[in-house]
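K.L.:
Show me the folded form of this:
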Amino acid sequence: MGEWQVVPLGPEHTAGLGVCHVACWREAYQGLVPQHVLDAFDVVQRAAAWDRIRVKYPGHVVVAVVGDTVVGFAAAGPSREENPPAPLELNAMYVRAAYYGTGLAADLMDTVLSDAADTSLWVFEENPRAHAFYKKYGFELDGERRVEAFTPAIQVRMVRRAPTR
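P.N.:
Numbering: from 1, shown residues only. I've put the predicted structure just below:
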């Protein structure tokens, strides 16, 4: 495997991000999300959605690239919740399975996490690998639960308090 670079999402990355996002979902959520939902994800639609996000929220999404291939991504910005427990939210954090354990996810997290404010995220309740990963970065469950938007799976919220200085 070659070395990666973490860069802001640009128009040249959106097609590759669509491919990466769908592949990451299929790799990470096998058995957690119904197969028909995973099969229905459309790379072209995902790429178009990421391009809209890139334009609407500049600087909120970073991608990890190896050459011209997107192999991971993360997105963070102001919380989208009505009554947020934290001003910031980690909206996405995904790495292709071939890059698990390489440090790529750590580079993405280091790029998008801020020590200036508390941050929240939502994660599938039945995903202990993700829970353990986020705990390494100081996220803790806060007791909130919800049904995920397009599956019957339950999500739980985790919050990371900004370090005190």
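
K.L.:
Which residues does the residue nearest to Cys20 when sequence neighbours are not counted form beta bridges with?
P.N.:
Spatially, and ignoring its direct neighbours in sequence, Cys20 is nearest to Val70 (4.2 Å; C-beta to C-beta, 6 or more residues apart in numbering). Placement of C-beta: from N, CA and C, glycine included. Counting by DSSP bridges, Val70 is bridged to Val65.

K.L.:
Hmm, Val70 is touching Glu12, no?
P.N.:
No: using C-beta atoms under 8 Å, Val70 makes no contact with Glu12, being 10.0 Å away.

K.L.:
which sections of the protein are below the confidence cut-off?
P.N.:
For the chain, applying pLDDT under 70 flags the ranges 1-2, 165.

K.L.:
Leaving out chain neighbours, which residue sits closest to Phe133?
P.N.:
Nearest to Phe133 is Ala105, by C-beta to C-beta, 6+ apart, at 6.9 Å.

K.L.:
quick one: contacts for the residue nearest to Cys20?
P.N.:
By C-beta atoms under 8 Å, 6 or more residues apart in numbering, the contact set of Val70 is 13, 16-17, 19-20, 63-64.

K.L.:
Most widely separated two among those residues?
P.N.:
Put simply, by C-beta to C-beta the two of the contacts of Val70 set farthest apart are Val19 and Ala64, 13.4 Å from each other.

K.L.:
which of those two has more neighbours?
P.N.:
Legend: neighbour count by other C-beta atoms under 10 Å for Val19 and Ala64, higher for Ala64 (25 against 16).

K.L.:
how many neighbours does the residue nearest to the more buried one when sequence neighbours are not counted have?
P.N.:
Sequence neighbours aside, Gly72 is the residue nearest to Ala64 in space, at 3.9 Å (criterion: C-beta to C-beta, 6+ apart). Using other C-beta under 10 Å, Gly72 is surrounded by 24 other residues.
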